[in-house]
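In: Take this sequence and fold it.
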Amino acid sequence: MTDFPPPNSPHSAVGQATHLLTHLQKVTQALAAVRQPDAVFDIILGDALDALGAISGVVLLVEQAQLQVAARRGHDDASVWQAGDLSGRRPSPDALRLNTPLFFPQSGDLVAAYPELEARTGGVAAVASAVLPMVEDGRPLGVIVLDFREPHSFTPDEEHFLRTLAGQCALALDRTRLSDDLERQVQDRTVELEAFVQFTEAADGETDVLALAGRAVDVLSVLFPGCTSVYYALEDGLWRAKVYTSDLKAAPALLSTIQAGIPLDTPVFARPLQLGEPVFVDGWNPEREQLPHTEAYRSVAVYPLVVGGTVQAMFALGSKDTPRWSAHHRAVFRSVVRSLGLALERTETARQLAAQNAELRARTRALEGFAALTQELGLSTEPEVLIQRSLDLVLSLLPPGYAVFSQIVGERWHATALVGDMRKPELQAAMEAGFPVGQTPSLDLPHQTKEPLFQDHYDPTRDIAPELVEHLSTVATLPVLVNGEVKGIFSTALFSVRPWSVADQAVLRTTVYSLGLALERVGHAQQLTAQRDLLQASNEELEAFTYSVSHDLRTPVRHIISFGDLLRRSLPEALDARTERYFGIVSKAALTLNTLIDGMLEVSRASRQPLKAEQVRLDRVVQAVIQKVEANQPQRQIDWQIRALPMVTGDVELLRQVITALIDNAVKYTRDREPAVIEVWAEDRGQSWAVLVRDNGVGFNPQYSGKLFTMFQRLHRQEDFEGAGVSLANARRIVVRHGGTMTAEGQPGAGATFGFILPRAPG
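Out: Here you go, the predicted model:
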C-alpha cells in the first residue's frame, strides 16, 4: 500500500481533496486487477483506514437475506458490527434500506441513535463511525463500516470519498461475483455436456421408450454411485415404476409400492407436475412426502418428462448419503434426464411420423380406389352394379373380412349384395334368409339414427345369433342415404382386432356417401327421362296446335278486314260519327288480332327452328338494328350510346330477333322523352356475357317484372303504347334455347334496363 501523508497534517482544503483523489485513483487501479472478493476487501479497508485515520473497519455482505461478516481490519474486540438479519432497526440495515451513508461524528451519537445496539451485540460502540451502503443496480450488496478512536467531523470531501469508495467496492464485488458465476456455469455446462454425451452414446439409435429409460438409469448409476434411479410412466391415473436400478430388489416393500403405483397428489410428484420443472428435495422426510418405505434416503430429485406437450413420465433419483443437492449434482441430473426427454420426444415424433406415413399410404390407396369408383359410379346406371363396386373397393383397402349391403324386405334385414368370404357358410345363409328388424342392433341403430356405427371391439352377444358372428372383431355399419331416406345398410366386418382409424372412417363415409349420390342420380335420371319424354311430346303437341290455330285464324281475320272494307264502301259516303267509330273499332280489332297471330307464328318458328351455332359479332347486329329503326322512324331524335360489344356463340338470326326486341322496346317507351337516350353495352361476368339495353323511358313497376316475358302480357294500356306482348316472350325463348337468361330492371318514370346473359363458349 502506498504511504500518504497523515490527514491531520496542516494542509489546505485543496490539499486534502487532492490527497483523497489520489487515494481514489490508486484504489480504482488496484480494484480493476483483482478477481477475488478477499482482495477487494483488503484494498477497500486498507485505503479507507489509511486515508481517514480510522482504527478499524468491517465489511458486511448480504447473503440469503442475512448480513454476514465478510472481512475485518484493525481493532475488532467487542465490536458492535456483527452478523444479523436485514429486519429491525439497526445502522447497517437502515443504511441499506435508505441507500444513504450514516455518519456518527461525536462520542455517543451512535448509542443515542440506537440505544439497544450495544446490549444486542455485546460490543462497545466506537467514538465515531461511518456506515456506507453498497448497492448495485438497485440490489443491496452490503455495508462498509469505519470506526474512529477520536471524534471525527466528516468533511464534504471525505463524505464524497467514502461514497465513491463504497460504489467502487460494490462494482468490484459484483464483477467478482459475475466471474465466479461464469466459472461455475462453465463447470456446470462442462459436466452437463459430459453427461449428455454419455447418455447420447448409450441411447444412440434406440427407439424403445423403456430401453431409453434403462440407458438413463445406467448413466446415472455411473455418475451417482450408490443412488437409486426410477423411471415412472403414467398409467390409469398412477405413476408406476417401469425401469429402476437393481438396488431396489433389496427393498421389496418399496419396490412393490412404486410398481403398484403412486397417486398423482403425492407431494414429491405433484410439485413437478404442477410446475413443469424438476424438484430437488433436501433433507428427505418420508412422512412429509407421503411416500412410505423411503427412510433410507436423505435427498431426492424428481424430473417431469414432457412428451407431446404433456407430462407423461417422471424420473426420480434418490441419494442415501448426501443430504443436500449441490449445484454440480443438480446440473448433472438435469442434463441426463433432459437428454432422456429429448430422446423420448424424438421417439414419439418418429412414431407419429411412421403412423402418418402409414395413414398417408392408406389415404393414397383410398383416393386411387375412390377415383376409379367415382368414374364407374358416374358411368353406370344399374343400382346393383354401383353397390357391388362400392363393396369391392372398401374390401380391397382393408384387412381380411367381408362387406355386405343389407335392405329391409318385409320385416327382415336381407343381404342383397355381398363381397368376401364370411368363413362360416351358415352365417351367409342366415344373412340371405334375413335377420329380424328391431332385433339386430348393428343394423337397426344406423337405420334409426342415420349415422354410421363404428365398433372397434365388436361384441357378438349384442346381436342376434352370436354363435354365428363370434369370429368377428371389428365392425362398421353405415346407412346409405338416398334423398334423405335410408336405402340400405353398408356393413364391413374384419376378423382381426383393428380400431377404425381416421383414414378408414373417411374411406367408408366417403364411399357410402358417393354410393348414395350415385343411386340418387340414377333415380333422378330415370325420372328425368320419363319427364323429358312427356315434356317433349307435350311441346310438340303444343307447337302443332299453335301453328294450326294461327293458320286457321288467318282466313276469318282476312274476311273480317276485307268484308269490313266492302261493307264500308257499299254504304253512303256520309256516315254519322257513331257508325264511323264502330267501323274503326272493328278494323283495329282485326288488325290487332292479325298482329297476335303473327306473334304466335313467330314464337312457333323460333321454337322449332334448329340452332345454327356460329361466332356472332354483336356490334354488327346492333348497328344493323339501329339503322333499321332510324330508317323506319326518321322523325325520332335518339341519343345512341353504344359501347364495345363482344363476340358470342349462337344463332345469328335468332339473336338478331332478341336484340331487335330489346331496342324496339326501348324506342317505343321513350317516344315522349326529349331527348331519348338509349345505351347498349356488355359486361364480362367471368363464365358469361351480359348484354344490356338501358333507356330513359316511362319504366315499369318492378313488382310486375315477372309478367314481362309472358306471352300477351302488357304493363301499359293499348291506347298508350301499341303492341301484342309477344316480342319479349319470344326473345326469352330464344335466349333460353341458347342456355341463357333474360333480365329486367325498372322504376316508374325512371326508365328501364333489359338484357340477356349468355354463357361463354368453352375454350
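In: The residue most central in space within the chain and residue 646, how far apart?
Out: The residue lying closest to the centre of the chain (C-alpha atoms, centre = their mean) is residue 309, at 17.2 Å. The gap separating residue 309 from residue 646 is 58 Å, by C-beta to C-beta, to the nearest Å. Any C-beta I mention is one placed from the backbone N, CA and C, and that applies to glycine too.
In: hey, what's residue 752 bridged with?
Out: residue 695, residue 746 (DSSP bridges).
In: wait, what's in contact with it?
Out: 666, 669, 694, 695, 697, 699, 700, 744, 745, 746 (C-beta atoms under 8 Å, 6 or more residues apart in numbering).
In: Let's see that with 10 Å instead.
Out: 665-666, 669-670, 693-700, 702, 705, 708, 744-746 (C-beta atoms under 10 Å, 6 or more residues apart in numbering).
In: still on that earlier bit, distance of the residue nearest to the centre of the chain relative to residue 233?
Out: From residue 309 across to residue 233, the span is 17 Å (C-beta to C-beta).
In: For the residue of the chain most remote from its centre, which three-state class applies?
Out: With distances taken from the mean C-alpha point of the chain and given as C-alpha atoms, centre = their mean, the most distant residue is residue 572, at 95.8 Å. Following DSSP: H, G, I helix; E, B strand; the rest coil, we place residue 572 in the coil state.
In: State the distance from it to residue 81.
Out: 153 Å.
In: can you check residue 215 too?
Out: Residue 215 is 55 Å from residue 81, by C-beta to C-beta.
In: Look at those two and report which has more neighbours.
Out: residue 81 (27 against 22; other C-beta atoms under 10 Å).
In: Disregarding residues adjacent in the polypeptide, which is nearest to that one?
Out: In this structure, residue 81 finds its nearest non-sequential neighbour in residue 58, 4.6 Å apart by C-beta to C-beta, 6 or more residues apart in numbering.
In: how close does that neighbour sit to residue 83?
Out: Taking C-beta to C-beta, one finds residue 58 at 10 Å from residue 83.
In: likewise residue 741?
Out: Distance from residue 741 to residue 83, by C-beta to C-beta: 98 Å.
In: Residue 353 too?
Out: 60 Å.
In: Show me which of these two is the more surrounded one.
Out: Shown here are residue 353 and residue 83; by other C-beta under 10 Å, residue 83 has more neighbours (14 against 10).
In: Now for residue 58 and residue 83: what residues contact both?
Out: The contact lists of residue 58 and residue 83 share 69, 70, 92, where a contact means C-beta under 10 Å, 6+ apart.
In: So the second one lies in a strand, does it not?
Out: Yes - Residue 70: assigned to a strand according to three-state DSSP.
In: Surely it touches residue 57?
Out: No - checked against C-beta atoms under 10 Å, the pair residue 70 and residue 57 is beyond contact range at 11.4 Å.
In: burial of residue 742, as a residue count?
Out: Counted with other C-beta under 10 Å, residue 742 comes out at 21.
In: That one reaches residue 693, doesn't it?
Out: No - applying C-beta under 10 Å as the test, residue 742 and residue 693 come out as separate, 11.4 Å apart.
In: Return every residue with contacts to both of these two.
Out: 661, 662, 754, 755, 756.
In: hmm, back to that, give me the common contacts of residue 70 and residue 57.
Out: Common neighbours of residue 70 and residue 57 (C-beta under 10 Å, 6+ apart) are 41, 144.
In: And these two? Which one has more around it.
Out: The residue with more neighbours, out of residue 70 and residue 57, is residue 57; 25 against 19, by other C-beta under 10 Å.
In: for whatever helix or strand the more buried one lives in, which positions count as buried?
Out: Secondary structure assignment for residue 57, by DSSP states H and E: strand 56-63. Neighbour counts using 16 or more other C-beta atoms under 10 Å place 56, 57, 58, 59, 60, 61, 62 of strand 56-63 among the buried residues.
In: Just give the strands next to that strand in its sheet, each with its orientation.
Out: Short version: by DSSP bridges, strand 56-63 pairs with strand 66-74 (antiparallel), strand 139-148 (antiparallel).
In: Let me see the ranges of the strands in the stretch 551-700 of the chain.
Out: Using DSSP state E, counting those that start in this stretch, the strands found in the stretch 551-700 of the chain span residues 614-617, 638-642, 647-650, 676-684, 688-695.
In: Can you list the buried residues in the first one?
Out: With burial defined by 16+ other C-beta under 10 Å, the residues of strand 614-617 counted as buried are residue 616.
In: Could you give the separation of that strand from the chain centroid?
Out: 50 Å (C-alpha atoms, centre = their mean, to the nearest Å).
In: Then the third one?
Out: From the chain centre to the centre of strand 647-650 is a distance of 47 Å (C-alpha atoms, centre = their mean).
In: How about the last one?
Out: Mean C-alpha position of strand 688-695 versus that of the full chain (C-alpha atoms, centre = their mean) differs by 44 Å.
In: So which other helices or strands are in contact with the very next helix or strand once past that strand?
Out: Sequence order places helix 727-737 as the next helix or strand after strand 688-695, per DSSP H and E. Counting contacts by 3 or more C-beta pairs under 10 Å, 6 or more residues apart in numbering; DSSP states H and E, helix 727-737 is packed against helix 577-608, strand 647-650, helix 652-668, strand 741-746, strand 752-759.
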